[in-house]
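[1] could you work out the structure for the sequence below:
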Amino acid sequence: MVDALSSFAGLARDLRDVQAPTALAPAGSLAPRGLVRMATRWLGLELPSPVVLGASPLTDDVDTLARVVDAGAGAIVMRSLFEEQLALEQMAAHHHIDAHIDTDAEARTFLPDSSVFSLGPEPYLRQLERIRARVAVPVIASLNGTTHGGWTRFARRLADAGASAIELNLYDVATDPSRSAADLEAAQLDVVEAVVGAAGVPVTVKLSAFYGSLPHFASQLAKRGARGVAVYNRFYQPDIDLDALDVTTNLHLSTSAELPLRLHALAILSGRVDLELACTGGVATGLDAAKAILCGATVVQVVSAVLKEGAPRMAKIVAELTGWLTTMGYAEVGEARGVMDLTRSPDPHAWERLNYMKMLRGWRPRG
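    Numbers count the residues shown, from 1 in each chain. Below is the predicted model of the structure:
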């Protein structure tokens, strides 16, 4: 037992000497050089700012979007186009209209054909065109599907309607015990490759936090043609109503408390995968945005903060980020990108383990 403890103590001393990630430009080491240049390049697109409005209902109102862009948003990500939603709309229309057209000789005189209705992705495509006509920043369409046909069928139409890029939302919850993680990931990679081939515009993939090896999966996404990844999709967890014995769903807007999980993923991926990184979830302030960029994010996506306070909050986030970068002496935002990622450590795994041990050993109960 004593030998084991001695060996562990020796390992701890060795780990203590492992270099932690360090910034290329520590605070106070740079002389102020004037206002920082905020323009950035993401997915091959020129953005006036790295702060992006993420997918949300806000994109349904072009007037709101115009105000958000005027406040400093560098790009717009539209809310997701769901394959299931389109399929249900079309099936419902067929059930209530088309299925009864020929049941009576006079049916066509009072039941219109479903072609007169706006079914399928047409409303989404028209909204995309309206947004493109109103704002001068890139507009990224968001696609959330479940099958090869569903994903690829609409990807090309989104690009043709003017989408600058496509955010592919891989939100798939494993419920079948017979399908392994490898099976699910292989199917997702095939879908990504199919969409990349069909879209004709850059594709970024929005991921959940539930991958056994995020770096490996991300590297496979790059091999299949993805241009970037966004971490993370928020997992909307159901609750139980004990009185009604029913499942309840509640949407809670994100806060800065959710950011560390994203920072961890960004720091691991930055410099190790050939992908452009986006942080989504947990960015509520300009300082949150700065942390994400330091960990490797090319852009940060903001939703909840703007849902709460509107365009003025977007302006505040951009101003706060600009002010911090300027105070630090960066001439442009790209100089800060990735300076706190794990490529600064010669042994990231050992550094992560050491931090984990230090955190647990340093915790003390209050009172």
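[2] all helices for the stretch 101-250 of the chain, in order.
    With DSSP state H, counting those that start in this stretch as the criterion, the stretch 101-250 of the chain has helices at 122-134, 148-160, 181-199, 214-223.
[3] and the second one, what's buried?
    For helix 148-160, a neighbour-count test (16 or more other Cβ atoms under 10 Å) marks 150-159 as buried. From N, CA and C alone the C-beta is placed, and that goes for glycine too.
[4] kindly report the same for the longest one.
    Using 16+ other Cβ under 10 Å as the burial criterion, the residues of helix 181-199 that qualify are 184-185, 188-189, 191-196, 198-199.
[5] quick check, nearest of these to Val69?
    Nearest to Val69 out of the buried residues of helix 181-199 is Ala199 (Cβ to Cβ; 23.9 Å).
[6] can you pull the pLDDT of the closest one?
    With respect to pLDDT, Ala199 scores 94.
[7] residues contacting the closest residue to it other than its chain neighbours?
    In space, and not counting its chain neighbours, Ala199 is closest to Ala155: 4.2 Å by Cβ to Cβ, 6 or more residues apart in numbering. Residues near Ala155 by Cβ atoms under 8 Å, 6 or more residues apart in numbering: 143, 166, 195, 198-199, 203.
[8] what is the residue nearest the centre of the chain paired to in the beta sheet?
    Centroid-nearest residue in the chain: Ala230, 3.4 Å away (criterion: Cα atoms, centre = their mean). Applying DSSP bridges to Ala230 yields these beta-bridge partners: Lys206, Ala278.
[9] again with the one 10 residues further on
    Under DSSP bridges, the beta-bridge partners of Ile240 are Val247.
[10] re earlier: farthest pair in the contacts of Ala155?
    Longest span within the contacts of Ala155, Cβ to Cβ: Leu143 and Ala198, 10.6 Å.
[11] got the phi and psi for Pro50?
    phi -80, psi 0 (degrees, to the nearest 10).
[12] go ahead and confirm it touches Thr40.
    Yes - contact criterion Cβ atoms under 8 Å: Pro50 and Thr40 qualify, at 4.6 Å.
[13] these two - which one has more neighbours?
    Using other Cβ atoms under 10 Å as the criterion, Pro50 and Thr40 rank with Pro50 on top: 27 against 23.
[14] show me what contacts the more buried one?
    Going by Cβ under 8 Å, 6+ apart, the list of residues near Pro50 reads 38, 40, 42, 74, 289, 293, 297-300, 321, 333.
[15] identify the contacts common to Pro50 and Thr40.
    74, 298-299, 333.
[16] export those residues to a markdown table and tack on secondary structure?
    Shown next, in a markdown table, are these (DSSP: H, G, I helix; E, B strand; the rest coil):
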| residue | secondary structure |
| --- | --- |
| Gly74 | coil |
| Thr298 | coil |
| Val299 | strand |
| Val333 | helix |
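[17] distance check, the closest residue to Arg156 other than its chain neighbours against Val229.
    The shortest distance from Arg156 to any non-neighbouring residue, by Cβ to Cβ, 6+ apart, is to Ala198 (5.0 Å). As judged by Cβ to Cβ, to the nearest Å, Ala198 and Val229 stand 19 Å apart.
[18] how about Thr248?
    Relative to Val229, Thr248 is positioned 31 Å away (Cβ to Cβ).
[19] between these two, which one's more packed in?
    For Thr248 and Val229, the more surrounded residue by other Cβ under 10 Å is Val229, and the numbers stand at 26 against 9.
[20] can you pull the contacts of the more buried one?
    By Cβ under 8 Å, 6+ apart, the contact set of Val229 is 204-207, 218, 221, 269, 273, 275-278.
[21] ok so, going back, the helices of the stretch 101-250 of the chain into CSV, with extra columns for distance to Pro365?
    As requested, these are arranged in CSV below (distance: least, Cβ to Cβ, whole Å):
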stretch, distance to Pro365
helix 122-134, 52
helix 148-160, 49
helix 181-199, 37
helix 214-223, 32
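[22] lovely, talk soon.
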